[in-house]
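*Asks:* using only what follows, build the 3D model:
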Amino acid sequence: MKNFIEELRWRGMLQDMMPGTEEQLQKGITTAYIGFDPTASSLHIGNLATVMLLKHFQLCGHKPIALVGGATGMVGDPSGKAAERSFLSEETLRYNESCIKKQLEQFLDFESSENPAEIVNNYDWFKGIGFLEFLREAGKYITVNYMSAKDSVKKRLETGISFTEFSYQLLQGYDFYWLYKNKNVRLQMGGSDQWGNITTGTELIRRKENNNDETAEHRAFALTTPLVTKADGTKFGKSESGNVWLDPKMTSPYQFYQFWLKCTDADCPRLLRVFTLYSREEIEALEEQHKGAEHLHIMQKALAKDVTIRVHSQEAYEMAVAASDILYGKGTLETLQSMDEDTFKSVFEGVAQTHISRDAYESCTSVTDLVSVVTNHEIYPSKSEARRAIQGNALSINKTKISDPNATPNFDLLQGKYLLISKGKKNHLILVY
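*Replies:* Numbering: from 1, shown residues only. Have a look, this model is predicted:
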């Protein structure tokens, strides 16, 4: 078995752990879990950092459990939040659960004969527990003083926190206890903002099981990973348009690939260690290759490739690379024709669009008219300038150079309704029918 703690240390993925955690892991296969509340229908790349904890845990020979918080999602975790969360409907939560479960299944090995992954849902055990029973099972063992001292609660006491969110750590603590008793889970992991909630679980187990001796055979443990930040200390994980989601319908594979490709040189060494499965030697080799050849973006390309393939697919990665070439003059008509509409829209997000009727297009007598009069002179202010550009080989339509200004427009529409008109390599206009 590989040493999981050493793996986290060199990757910079270890924030805190309870004493004895490393010794427990060295004894043999240990079962650990991380929880994911279904507050959206997709995980985002902030969640991916903790998914990677489970992935490395399994690769080191241990058994990972991913918990989908069907019950805790109905309450809302106050950690890192300045105000109360809005409740989601039960129908929305159940839909989100099913989506997140499918995403988690992509990253872990559920067929291993030694340490197969599992997915559990805490709604399965909470749905049968009444309020009075929960107070006796959990509330009796954790004091208000203990709960109020947690950072997630302390920061909200001045502005106000509901009993619902105040109780969240008890629910998460009971999750750990239930898994400890029923699944032999000995370790809970999570982001560093979860330390308070996780240690509520270890404390509940200690008190209910009377494990007061630190050398007790059946202790429970906690481990956290740092929240991923940029080199300048700001939060990592959002693009200009918001969260970067793992669902291709919410963040297209092209946008996803571009997000990683745009990471700075200063951020890449850390991101390669946290988000990829490259070995230490491979990452250090990439760093060496990058030095002195920064313009080639070697680290960014390696980062974007690994993460895009694992989150989406090899095919999605190849399409994202081909689509990226389109904007910089390297793409072909075949590439454009092979894109689905979502990818096409992602690639040309922000590019000016002009809507014209099919009659206007079909009645157009020349390419010169098409790129001047019909497009309301958005590309060329006059027919004469359009004609000179075409004769100078400066115009292409759907990535095909146009050389005859009198040619009749007869182009295959992309996705049945688009024409891509390019003036030079980087100036584009999309005609929409």
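
*Asks:* can you give me the buried ones in stretch 114-132?
*Replies:* By 16 or more other CB atoms under 10 Å, the buried positions in stretch 114-132 come out as 115, 117-123, 126. Placement of C-beta: from N, CA and C, glycine included.

*Asks:* equivalent analysis for stretch 8-20, please.
*Replies:* Within stretch 8-20, the residues scored as buried using 16+ other CB under 10 Å are 8, 11, 13-15, 17-18.

*Asks:* what do you get for stretch 190-205?
*Replies:* Residues of stretch 190-205 classed as buried: 190-191, 193-205 (neighbour count, 16+ other CB under 10 Å).

*Asks:* before we move on, what about stretch 340-359?
*Replies:* 343-348, 356.

*Asks:* so which of those are in helices?
*Replies:* In helices, defined here by DSSP state H, the members of those are 343-347.

*Asks:* quick one: average pLDDT of whichever strand or helix holds Q169?
*Replies:* According to DSSP states H and E, Q169 maps onto helix 168-183. Helix 168-183 shows a mean pLDDT of 95.

*Asks:* report the buried residues of that helix.
*Replies:* Residues of helix 168-183 classed as buried by neighbour count (16+ other CB under 10 Å): 168-180.

*Asks:* in a markdown table: the residues you listed, plus distance to M52.
*Replies:* Below are these laid out as a markdown table (distance: CB to CB, whole Å):
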| residue | distance to M52 |
| --- | --- |
| Y168 | 25 |
| Q169 | 25 |
| L170 | 28 |
| L171 | 25 |
| Q172 | 21 |
| G173 | 25 |
| Y174 | 26 |
| D175 | 21 |
| F176 | 21 |
| Y177 | 26 |
| W178 | 25 |
| L179 | 21 |
| Y180 | 24 |
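
*Asks:* assign a three-state SS to the residue lying closest to S42 once chain neighbours are set aside, would you?
*Replies:* Excluding the flanking residues, the one nearest S42 by CB to CB, 6 or more residues apart in numbering is D247, at 3.6 Å. On the three-state scheme (DSSP: H, G, I helix; E, B strand; the rest coil), D247 is labelled coil.

*Asks:* kindly report the same for M52.
*Replies:* M52 ends up helix, using three-state DSSP.

*Asks:* just the strands in the stretch 1-150 of the chain please.
*Replies:* Secondary structure of the stretch 1-150 of the chain (DSSP state E, counting those that start in this stretch): strands at 16-17, 31-36, 63-68, 118-121.

*Asks:* can you check the stretch 301-433 of the chain too?
*Replies:* 353-355, 395-397, 400-401, 418-423, 427-432.

*Asks:* so for E111, which of these sits nearest?
*Replies:* Closest to E111 of those, according to CB to CB: strand 418-423, at 43.0 Å.

*Asks:* which other helices and strands does that closest one contact?
*Replies:* Packed against strand 418-423 by the contact rule (3 or more CB pairs under 8 Å, 6 or more residues apart in numbering; DSSP states H and E) you find strand 395-397, strand 427-432.

*Asks:* and the contacts of that strand?
*Replies:* 336, 344, 348, 370-371, 375, 379-380, 389, 394-399, 411, 413-414, 428-433 (CB atoms under 8 Å, 6 or more residues apart in numbering).

*Asks:* number of nearby residues for the residue nearest to R94 when sequence neighbours are not counted?
*Replies:* Excluding the flanking residues, the one nearest R94 by CB to CB, 6+ apart is G70, at 7.3 Å. Residues lying near G70 (other CB atoms under 10 Å) number 23.

*Asks:* ok, now which ones touch the residue lying closest to G237 once chain neighbours are set aside?
*Replies:* Leaving out its chain neighbours, the residue that sits closest to G237 by CB to CB, 6+ apart is G46, at 4.4 Å. Applying CB under 8 Å, 6+ apart, one finds that G46 lies in contact with 191, 227-228, 236-237, 243.

*Asks:* following element in sequence after the lowest-mean-pLDDT helix or strand in the chain, please.
*Replies:* Counting by mean pLDDT, DSSP states H and E, the weakest-scoring helix or strand in the chain turns out to be strand 238-239, with a mean of 68. Note on strand 238-239: by DSSP H and E, the next helix or strand toward the C-terminus is strand 242-243.

*Asks:* contact partners of that next one?
*Replies:* For strand 242-243, the surrounding residues in contact (CB under 8 Å, 6+ apart) are 44-46, 237, 251.

*Asks:* picking up where we left off before, so after the helix holding Q169, what's the next helix or strand?
*Replies:* By DSSP H and E, the next helix or strand past helix 168-183 is strand 185-191.

*Asks:* so how far is that following strand from its chain's centroid?
*Replies:* Put simply, strand 185-191 sits 21 Å off its chain's centre (CA atoms, centre = their mean, to the nearest Å).

*Asks:* which strands or helices does that strand pack on?
*Replies:* Strand 185-191 packs on helix 21-27, strand 31-36, helix 45-59, helix 168-183, helix 195-209, strand 221-225, going by 3+ CB pairs under 8 Å, 6+ apart.

*Asks:* tilt between the last one and strand 185-191?
*Replies:* For strand 221-225 and strand 185-191, the angle between their directions (axes from the mean of the first three to the mean of the last three CA atoms, to 10 degrees) works out to 20 degrees.

*Asks:* who touches L53 in this structure?
*Replies:* Going by CB under 8 Å, 6+ apart, L53 touches 8, 13, 34, 189, 225.

*Asks:* how about those residues in a markdown table, adding distance to A285?
*Replies:* As requested, these are arranged in a markdown table below (distance: CB to CB, whole Å):
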| residue | distance to A285 |
| --- | --- |
| L8 | 21 |
| M13 | 20 |
| I34 | 30 |
| M189 | 29 |
| T225 | 25 |
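
*Asks:* now those residues as TSV including distance to R94 and pLDDT?
*Replies:* Shown next, in TSV, are these (distance: CB to CB, whole Å; pLDDT from 0 to 100):
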residue	distance to R94	pLDDT
L8	34	98
M13	32	97
I34	21	98
M189	26	98
T225	29	96
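
*Asks:* let me know the closest of those to E288.
*Replies:* Nearest member of the contacts of L53 to E288, counting by CB to CB, is M13, at 22.1 Å.

*Asks:* now the closest one: phi and psi?
*Replies:* For M13, the backbone dihedrals (degrees, to the nearest 10) come out as phi -110, psi 20.

*Asks:* I figured it hits F275, correct?
*Replies:* No. With contacts counted by CB atoms under 8 Å, M13 stays clear of F275, the gap being 10.1 Å.
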